[in-house]
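S.K.: give me a model of this one.
(4 chains)
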There are 4 protein chains.
Amino acid sequence: MASPDFTLSAGPVTVTARTLAALGKPILYHYDPEFLTAFERTQGKVAQVFRTTNDIVLMQGEAIVGLEGALRSLITPGMHVLNLVQGVFGKGTGYWITDFGAVLHEIEVGYDDAVSPAQVEAYLDLHPEIQMVCLVASETPSGTVTDVAAIGPLCRDRGILSYVDTVSGVLGMPWETDEWGLDLCVAGAQKCLGGPPGVALISVSQRAWDAMYANPAAPRDSYLSLIDWKEKWLGGRRFPYTPSVSDINGLESALDQALEEGVDAVVARHEDAAAVTRAGATAMGLTLWAKSETFASACVTSIRLPDDIDNVRVRDHAREVYGVMLSHGQGAGNLVRLSHMGPTAGGLYSIVGLAALGRTLVDLGMQLDVGAGLEQALAVLSTQRN
Amino acid sequence: MASPDFTLSAGPVTVTARTLAALGKPILYHYDPEFLTAFERTQGKVAQVFRTTNDIVLMQGEAIVGLEGALRSLITPGMHVLNLVQGVFGKGTGYWITDFGAVLHEIEVGYDDAVSPAQVEAYLDLHPEIQMVCLVASETPSGTVTDVAAIGPLCRDRGILSYVDTVSGVLGMPWETDEWGLDLCVAGAQKCLGGPPGVALISVSQRAWDAMYANPAAPRDSYLSLIDWKEKWLGGRRFPYTPSVSDINGLESALDQALEEGVDAVVARHEDAAAVTRAGATAMGLTLWAKSETFASACVTSIRLPDDIDNVRVRDHAREVYGVMLSHGQGAGNLVRLSHMGPTAGGLYSIVGLAALGRTLVDLGMQLDVGAGLEQALAVLSTQRN
Amino acid sequence: MASPDFTLSAGPVTVTARTLAALGKPILYHYDPEFLTAFERTQGKVAQVFRTTNDIVLMQGEAIVGLEGALRSLITPGMHVLNLVQGVFGKGTGYWITDFGAVLHEIEVGYDDAVSPAQVEAYLDLHPEIQMVCLVASETPSGTVTDVAAIGPLCRDRGILSYVDTVSGVLGMPWETDEWGLDLCVAGAQKCLGGPPGVALISVSQRAWDAMYANPAAPRDSYLSLIDWKEKWLGGRRFPYTPSVSDINGLESALDQALEEGVDAVVARHEDAAAVTRAGATAMGLTLWAKSETFASACVTSIRLPDDIDNVRVRDHAREVYGVMLSHGQGAGNLVRLSHMGPTAGGLYSIVGLAALGRTLVDLGMQLDVGAGLEQALAVLSTQRN
Amino acid sequence: MASPDFTLSAGPVTVTARTLAALGKPILYHYDPEFLTAFERTQGKVAQVFRTTNDIVLMQGEAIVGLEGALRSLITPGMHVLNLVQGVFGKGTGYWITDFGAVLHEIEVGYDDAVSPAQVEAYLDLHPEIQMVCLVASETPSGTVTDVAAIGPLCRDRGILSYVDTVSGVLGMPWETDEWGLDLCVAGAQKCLGGPPGVALISVSQRAWDAMYANPAAPRDSYLSLIDWKEKWLGGRRFPYTPSVSDINGLESALDQALEEGVDAVVARHEDAAAVTRAGATAMGLTLWAKSETFASACVTSIRLPDDIDNVRVRDHAREVYGVMLSHGQGAGNLVRLSHMGPTAGGLYSIVGLAALGRTLVDLGMQLDVGAGLEQALAVLSTQRN
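M.R.: Numbers count the residues shown, from 1 in each chain, chains lettered A, B, ... in the order given. Sure, this is the predicted structure:
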């Protein structure tokens, strides 16, 4: 089984040769003074991307280690938590909230829809017992986003903690941690940043630290503990456990590239790629999954499939016949995803994705005007670039 | 701050250029069929190195994520556990055992000494309530080993579970998981294997799985859950979370190199390097930390320092002046460590370590015959190689 | 100036990550026994690709160093040489033939045409004084090929030496050095093989060696000398000068990949890519440069441009606006080239090239049905792959 | 045959991981605007290292392509040339001078000696017909240097052209192309610079260009032509042939590292390493090859061997038994070379070389005090660094 010509998946994404070279740099001892400096420098670069002055914690592991560690740290048994559900990750957060001992409140909409700020505001007005709001900024499996810019301040202004899963959100949408008053954000390195899939990027406000310290159930002396990182590393320059030197090297390189391009430019590149992809898909005769383009994600475009064409089969055909690795729906519905995330957001990568998907669906019996779709996508791209 | 010329640390260790190239390979989607195959193939190679037919679980994170996850999975509140302590990692295991709700029994000796099989046997005879024995095969911070070959069968024959921290043990000492009847072993990739510091390598016997399934406190739906890996990945080929594709690539390459060299040859190479190092250090006038060479580790040689020469200062001087990164004692005592672990175990790397340490100590005022030490080390090396 | 997203140039071509990793391998001393073995092994792999039992010489430098060295070695002042010209490289060979002191005979056709075996046969019948025929198997600047399979045996059967510039020919067309009786062939590593642009691959028949040894003007003690390689390296395992260790590493890796895929499969992949590209270009409304598809190259498709659209401007626009590096005509005419050479021969890379070129020409004012072209290209690709 | 642990050869040398990463960067089309810029930028960095405002030509191939091309370009048949011979490369230059049609004058001394400026001055006084002086700045095979700082100005002041083989000279000794009035210098990338062995670095003064243009025998339309580079590339931004993109990437990276460290610091590092090595070798009981330390090279220390110990056998034993690749004498005499060149010049690499050589010679029956040698080397190193 050879490698695909193109990986246009929803993360881990294709990373640049420069990032790969960084992953392959000689491995230093984690207490080598050069690595200690690199680790701190990397934290600072994450803060720039998050646009925050909050503490940054880099936990080793996929983003979920940060999501779980942070949620366990914040949830005091018995507290009231409002969870916003518009996709599979939001749904999963709710299970955790209950498991960790909180009283769960939920606003849930269809997975092709988005919870609105107005719904949140109304709920909070009715439920003053809510102490924390949990939300997923970007539901990668279905390609929809939540209006964090509006909901964040709603929480802050009421003194309610906010816990934000922005694994594929940061750099794939405008992001202002401090301006929006977000207390705890967890991003992944392997999504819009185009880094390696081995580090969770976490920003923690002072309010969030206070909540953790006040929480007797917060993990300590554990791989899941944020407090360990606060006390040992941020406080004492001792690592709670050996970090992955190569992952940090890869992460710093990806951050350098994003900062050199400019955070706003990276976001705009994702938005442009999404516009090209949506235009092409629609002109080809495909149906977008998201009910409205206003909350369609800029990092992944989900396409609704006819009932008789299974999404796994589509993904496998595109991979085997056209050499393009796409992502299927991961349980969110019968959809397939054209990702434009990280280095493959922009330019002709969208054409590659549209061509692979369009021709695959024709091969599988669907009636589509693939040529019209590609022509329209190129026309939009031409407008953006000329 | 430039990189050191030589990293002779106790892990993460210097890795080969081939391993670095693997870490820098293009990142595939984790559900790409090529990666799925690579992941399974890598598990099989870990099993070969462990010499086991048990299940292998590859958790993403430093080895400690596996140690914690496994111990939490195995400890049913109230169970009786015997913990063997001859170093800082064994001591830490004891704290966890208590935290996780078990009744702690301990045999503790000085950190320059080793718990003997006879002590364990005697304790088990007196305490039939013991359900699990925990031990650290190789105490990296102080450079001593435990006699797993004798203690493992003792446990097995009595139907007692064994939980073995072999983070720096596997490949640094003879290792027979199945022959010795070890139920749960956790190794690190970044030690004697010379891999990246981002994966925990875990072998789990059926008895250990049974114990976990019978344990209501075993983590589930958690980053720390071994049961998740058993059910989702081993059972259903779905990852419980996104693994680090690059770490797995690096790990497989390191395993390939070890298997091509031969597991026994890798162990012998570590033992040879240790013999050269100990001979050189002694001839130079240095004192070994370990009370007896019988339990001195083959992967790291700890040197006892005079009270007036601080181990951190020694490490920093060797790094700054001679470009060699050594490891200090990490709290185990006033010692410094000459590591010969992974690719730097063998040949003239021991001479580099001895020269850096010897001359550093002379610079700091100690009386040593560095020339005699290096000459003796070379003489031993010559005997091994000619 | 950022790197392009896609390099679809006519060489140096995009190389695989595996080849890049080989180029970045640690550099050994050229007399290290491991490198000596690798150098010889690489020669053997070149012979397999050339399908020959002749000697292989690997000169360090772009292919032209081999072309010049070989021609200087073969041309005895005053000898009669027939040169076939159907492009700029053939034209250049003629200048050299004269410079090096031979009597030049030429059959020349338009650069969008091919010299036929019948023309060669007729000429040789009329000119029994001809001692050597020179030809270019694949004229990269204009994308046409010569019928080496027919012309080679014509020469062999008459006892006439053949000198073949197959810089972009080998692996881009069926190739049988021995079966066709070719005396001297020079290929480049950076074309259809997908290797680095630093080695000339040369096969030399015994008849060619005899001619060189009989030639008082053949270079000796010179960078251009093939005889030096024969005597010092092939005869005595001493290098006439230090070879580029990294280029050889990269070359061997590219050869391994070609041999693993299979020489015939690599050629077929180029032919498929060319079929897709020609179909798409034609359906879009573009005009192929080659007068007939029978001699259109499989490694590069040249497109004839209208007089008012300059080929350099087309290339620059595709690079700047669409991130695709194409090649212009390099003096062969007002044409632009869609390359499908090496790793980018096959699959959706042709779609990328067609989309970039098609939309660029629309941007520059040409009337084209880009959608129809891409649709047709995908239809042909679907037929090839399903 | 595994790779050696250490390559301490006299070039190609061990290169840094950063240089290797550059060699493994994606290969761009040579007319990609980014590569055009990189090529020019690299020329500028070579000029900084040469300390010149002369034109820089980067020919693809080992340094010898530049040496031959330049000498052929400069030698007008019948001209009088004075060649300085103190080693095998100087001797070879003389053969070329004759071959290329000049009248050869030579000053030759033993290969463990150096031609003095006074000898040159006296010769030039007696022979006003001399139009060019040829010299080798650093005779790598025997480890001696020539006093270019004195001889260069001697030539300049008399209006005599100077042709300088400084393949291993630049960065291994103080170097002032302009201040010393050197007309043509050729350096290799794979020596003290620590770059790849595939590019010749050439500086050409206006006087040298004038001489070439006036020379009817100067190569044109040839791989060996410097005039082609002047006219096509320097004059018209067209490459005379495809350069090796990866070699240029590697070269630029090595230059960056040298310039970041500082040219003077790099030279000093080589001188320090040589001092450590000579001190250690002498204290061990070895005999330096060079008659006087005043002209012993800073990049390689040649050791005179007893007649009954063959230098090839020494080199092979050190490689096989101790994993260290040294260089033998390459015909210059029964000597072995401890190289300290490029990244392995400095720090404990000299200890590695001395230990490998010393113990090898003891294994082969020589009486040496290896310990005393290493102790003394470390003492000198300690003085340099503390």
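
S.K.: show me where the stretch 101-250 of chain A has helices.
M.R.: Applying DSSP state H, counting those that start in this stretch to the stretch 101-250 of chain A gives helices spanning A:117-126, A:148-158, A:206-213, A:226-228, A:235-236, A:245-261.

S.K.: indicate which one of those helices is closest to chain D.
M.R.: For chain D, the closest of those is helix A:245-261, at 10.8 Å, according to Cβ to the nearest Cβ. Where you see a C-beta, it was placed from the backbone N, CA and C, and this is true even at glycine.

S.K.: is any residue of that closest one near chain D?
M.R.: No - using Cβ under 8 Å from any Cβ of the partner chain, we find that helix A:245-261 stays clear of chain D, coming within 10.8 Å at best.

S.K.: what about that helix, near chain B?
M.R.: Yes - shown here: helix A:245-261 in contact with chain B (Cβ under 8 Å from any Cβ) through A:V245, A:S246, A:D247, A:G250.

S.K.: quick one: average confidence on that helix?
M.R.: Over the span of helix A:245-261, the pLDDT mean works out to 98.

S.K.: run the chain-centre distance for it.
M.R.: From the chain centre to the centre of helix A:245-261 is a distance of 17 Å (Cα atoms, centre = their mean, to the nearest Å).

S.K.: for the helix or strand following it, buried residues please.
M.R.: For helix A:245-261, the succeeding helix or strand toward the C-terminus, using DSSP states H and E, is helix A:263-284. Buried residues in helix A:263-284, counted by 16 or more other Cβ atoms under 10 Å in any protein chain shown: A:263, A:266-284.

S.K.: need the helices of the stretch 101-250 of chain A in JSON lines with distance to C:E106 and mean neighbour count, can you?
M.R.: JSON lines is the format used below for these (distance: least, Cβ to Cβ, whole Å; neighbours: other Cβ atoms under 10 Å in any protein chain shown):
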{"stretch": "helix A:117-126", "distance to C:E106": "79", "mean neighbour count": "14"}
{"stretch": "helix A:148-158", "distance to C:E106": "72", "mean neighbour count": "19"}
{"stretch": "helix A:206-213", "distance to C:E106": "81", "mean neighbour count": "18"}
{"stretch": "helix A:226-228", "distance to C:E106": "79", "mean neighbour count": "23"}
{"stretch": "helix A:235-236", "distance to C:E106": "81", "mean neighbour count": "9"}
{"stretch": "helix A:245-261", "distance to C:E106": "53", "mean neighbour count": "23"}
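
S.K.: CSV please, covering these and showing distance to chain C.
M.R.: Conversion of the helices of the stretch 101-250 of chain A to CSV gives the following (distance: least, Cβ to the nearest Cβ, whole Å):
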stretch, distance to chain C
helix A:117-126, 37
helix A:148-158, 30
helix A:206-213, 38
helix A:226-228, 36
helix A:235-236, 38
helix A:245-261, 9
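
S.K.: got a markdown table for those, with distance to B:L335 too?
M.R.: Formatted as a markdown table, the helices of the stretch 101-250 of chain A follow (distance: least, Cβ to Cβ, whole Å):
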| stretch | distance to B:L335 |
| --- | --- |
| helix A:117-126 | 58 |
| helix A:148-158 | 51 |
| helix A:206-213 | 35 |
| helix A:226-228 | 25 |
| helix A:235-236 | 21 |
| helix A:245-261 | 24 |
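
S.K.: just how off-centre is stretch A:166-176 within its chain?
M.R.: The answer for stretch A:166-176 is 7 Å, by Cα atoms, centre = their mean.

S.K.: any residue of it touching chain B?
M.R.: No - if you take Cβ under 8 Å from any Cβ as the test, stretch A:166-176 misses chain B, and the best it gets is 9.7 Å.

S.K.: for that stretch, list the C-alpha coordinates in PDB.
M.R.: Taking C-alpha atoms only, stretch A:166-176 is exported to PDB below (Å, rounded to 0.1, in the frame of the first residue of the first chain):
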ATOM      1  CA  THR A 166     -10.700  24.900  19.800                       C
ATOM      2  CA  VAL A 167      -8.700  21.900  18.600                       C
ATOM      3  CA  SER A 168      -9.300  22.900  14.900                       C
ATOM      4  CA  GLY A 169     -10.400  26.400  15.600                       C
ATOM      5  CA  VAL A 170      -7.300  28.400  16.300                       C
ATOM      6  CA  LEU A 171      -5.800  29.700  12.900                       C
ATOM      7  CA  GLY A 172      -8.900  28.300  11.100                       C
ATOM      8  CA  MET A 173     -11.100  31.200  12.300                       C
ATOM      9  CA  PRO A 174     -10.400  34.600  13.800                       C
ATOM     10  CA  TRP A 175      -9.300  34.000  17.400                       C
ATOM     11  CA  GLU A 176      -9.000  36.500  20.300                       C
END
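
S.K.: could you give the mean pLDDT of that stretch?
M.R.: 97.

S.K.: what's next to it, contact-wise?
M.R.: By Cβ atoms under 8 Å, 6 or more residues apart in numbering or on different chains, the list of residues contacting stretch A:166-176 from outside reads A:10-11, A:49-51, A:63, A:67, A:89, A:136-138, A:140, A:145, A:148-149, A:185-188, A:191-193, A:201, A:258, A:263-264, A:266-267, A:270, A:297-300, A:341.

S.K.: among these, name the ones in strands.
M.R.: A:V136, A:S138, A:V145, A:C185, A:V186, A:A187, A:G188, A:L201, A:V300 (DSSP state E).

S.K.: from those, pick the one nearest B:R238.
M.R.: Nearest to B:R238 out of the ones in strands among the contacts of stretch A:166-176 is A:G188 (Cβ to Cβ; 18.3 Å).

S.K.: buried subset of the ones in strands among the contacts of stretch A:166-176 as a PyMOL selection?
M.R.: To isolate the buried ones among the ones in strands among the contacts of stretch A:166-176 in PyMOL, judged by 16+ other Cβ under 10 Å, type:
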select buried, chain A and resi 136+138+145+185+186+187+188+201+300
